[in-house]
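Asker: Quick one, fold the following:
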Amino acid sequence: MSTARFRVVHAGPLVSIQDAGRIGHMRFGVPASGPMDRTSFAIANTALAQPVEATGIEVSPGGLTLECVEGSVTYAVAGGGFGVVSGGSKFDGWTVATIREGEKLAVRGGSWGSWAYLTFAGEVVCDQWLGSAATHSMSGFGGGLLQAEQTLEVRNAEVREGRVGEISVPDFAKPSDRVHVVTGPQDRHFEADSVSEFFEQKSSLTDSYDRMGVRLDGSKMRLKEALSIPSEPVLRGAVQVSGDGGVMVLLADCGTTGGYPKIATVLPDDLDRMVQCRPGDVVRFVAVSAEEAVEFTRKKSEEKRAWLAELAKPRLSLGEKLLRENLIDGMVSARE
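Answerer: Sure, this is the predicted structure:
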């Protein structure tokens with residue numbers, strides 16, 4: 001075991017250290033935070049045979065550049081279609097590779113997606129808050145936002161050449177323009193035609209987009225009457241309507257309570273896909289019942305579990321691949 005150290009050459013806005021989230025504290029008013037796209041985060045860790053909750057780095061389209069100043073370590077990148085430049089070689093975003101002392105690693109926004117995840121075969125050394133490295137972007141609590149000239153250390157760093165190679169991009173990790181939601185709990189307070197428009201129209205993501213939420217561009221929602229509700233618990237995925245009728249979807253760093261009426265809640269799997277959309281991308285909300293939502297979520301969870309189990313299997317070495325191939329076609333005479 002050894003240590004790999006990096007110098008942060010460049011870090012774009014909202015590039016942060018994250019783990020699977022700060023679980024169990026929302027009742028105290030503490031957001032869970034964690035990765036915006038939980039599916040891709042789990043894939044990046046699984047590709048290295050790491051626990052899915054292991055600490056990694058969330059990269060925004062602003063990108064991240066690291067210089068390895070000591071040691072070597074194998075890393076994985078998954079998430080949006082980001083580009084990766086490492087040791088002078090270029091890779092597509094979904095890849096496992098090894099970086100060595102003196103080399104630079106750059107993860108940059110590419111053809112699609114808003115978030116990528118960089119994980120290491122080792123333990124990222126960072127601050128924790130309430131037992132979690134998940135960074136809350138507004139306060140900076142947790143592992144923190146990365147800054148240029150900062151030093152990043154990976155303890156117990158390993159070179160796992162058996163994991164190196166491309167990662168296939170599963171369909172369930174790609175953005176989708178269909179977003180399934182369960183309606184409510186305040187949908188009854190909106191005008192009926194306004195609710196119909198919400199589901200019939202297409203909405204686009206605006207550039208009012210950060211880890212707390214994203215505002216959508218579409219028809220304004222109209223209330224039946226003035227509505228004043230006490231603040232109540234909210235979760236990521238809640239679709240809130242502000243006083244001016246604007247629609248916002250709450251995301252990873254959202255607060256734990258809110259007083260705006262909520263017309264719907266996005267299903268977790270679809271939320272992971274939605275956050276990979278970019279400002280200007282169009283989505284359409286599709287209503288499902290609570291029972292359908294449970295069935296949908298269970299089906300998707302089983303699909304992901306099976307896919308991750310395959311990804312976790314060691315890749316075949318060259319020798320093992322050769323043993324599986326029929327390298328001789330037909331029989332030949334020993335006299336020839």
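Asker: for the biggest helix by length in the chain, packing partners?
Answerer: Counting by DSSP state H, the longest helix found in the chain is helix 290-312. In terms of contacts (3 or more C-beta pairs under 8 Å, 6 or more residues apart in numbering; DSSP states H and E), helix 290-312 is packed against helix 38-46, strand 178-183, helix 268-274. C-beta: built from backbone N, CA, C; applies to glycine.
Asker: could I get the ones you listed as JSON lines with mean neighbour count and mean pLDDT?
Answerer: JSON lines is the format used below for those (neighbours: other C-beta atoms under 10 Å; pLDDT from 0 to 100):
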{"stretch": "helix 38-46", "mean neighbour count": "26", "mean pLDDT": "98"}
{"stretch": "strand 178-183", "mean neighbour count": "19", "mean pLDDT": "96"}
{"stretch": "helix 268-274", "mean neighbour count": "22", "mean pLDDT": "97"}
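Asker: Can I get these in a markdown table including distance to Lys262?
Answerer: Formatted as a markdown table, the helices and strands packed on helix 290-312 follow (distance: least, C-beta to C-beta, whole Å):
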| stretch | distance to Lys262 |
| --- | --- |
| helix 38-46 | 21 |
| strand 178-183 | 10 |
| helix 268-274 | 14 |
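Asker: just so I know, which of these lies nearest Val15?
Answerer: Ranking the helices and strands packed on helix 290-312 by proximity to Val15 (C-beta to C-beta) places helix 38-46 first, at 14.1 Å.
Asker: quick one, which of the helices and strands packed on helix 290-312 is nearest to Gln147?
Answerer: Between the helices and strands packed on helix 290-312, helix 38-46 lies closest to Gln147; by C-beta to C-beta that is 21.6 Å.
Asker: Now do the closest one: which elements does it pack against?
Answerer: For helix 38-46, the elements it packs on are strand 56-59, strand 72-79, strand 116-120, helix 268-274, helix 290-312, judged by 3+ C-beta pairs under 8 Å, 6+ apart.
Asker: could I get the ones you listed as JSON lines with distance to Ala226?
Answerer: As requested, the helices and strands packed on helix 38-46 are exported to JSON lines (distance: least, C-beta to C-beta, whole Å):
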{"stretch": "strand 56-59", "distance to Ala226": "40"}
{"stretch": "strand 72-79", "distance to Ala226": "42"}
{"stretch": "strand 116-120", "distance to Ala226": "44"}
{"stretch": "helix 268-274", "distance to Ala226": "30"}
{"stretch": "helix 290-312", "distance to Ala226": "28"}
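Asker: Of all those, which one comes closest to Asp210?
Answerer: Shortest distance between Asp210 and the helices and strands packed on helix 38-46, using C-beta to C-beta, is found for strand 56-59: 12.3 Å.
Asker: follow-up on the earlier one: out of the helices and strands packed on helix 290-312, flag the one nearest Pro170.
Answerer: Comparing the helices and strands packed on helix 290-312 by C-beta to C-beta, helix 38-46 comes nearest, at 7.9 Å.
Asker: related to what we said a few turns ago, now the longest helix of the chain against helix 38-46, angle please.
Answerer: 20 degrees (axes from the mean of the first three to the mean of the last three C-alpha atoms, to 10 degrees).
Asker: coming back round to it: mind checking the helices and strands packed on helix 38-46 for the one nearest to Leu105?
Answerer: Per C-beta to C-beta, nearest to Leu105 of these: strand 72-79, 7.1 Å.
Asker: roughly how far apart are the residue most central in space within the chain and Leu130?
Answerer: In the chain, the C-alpha nearest the mean C-alpha coordinate belongs to Asp37, at 2.1 Å (C-alpha atoms, centre = their mean). Remark: distance between Asp37 and Leu130 (C-beta to C-beta, to the nearest Å) = 23 Å.
Asker: Gly122 too?
Answerer: 23 Å.
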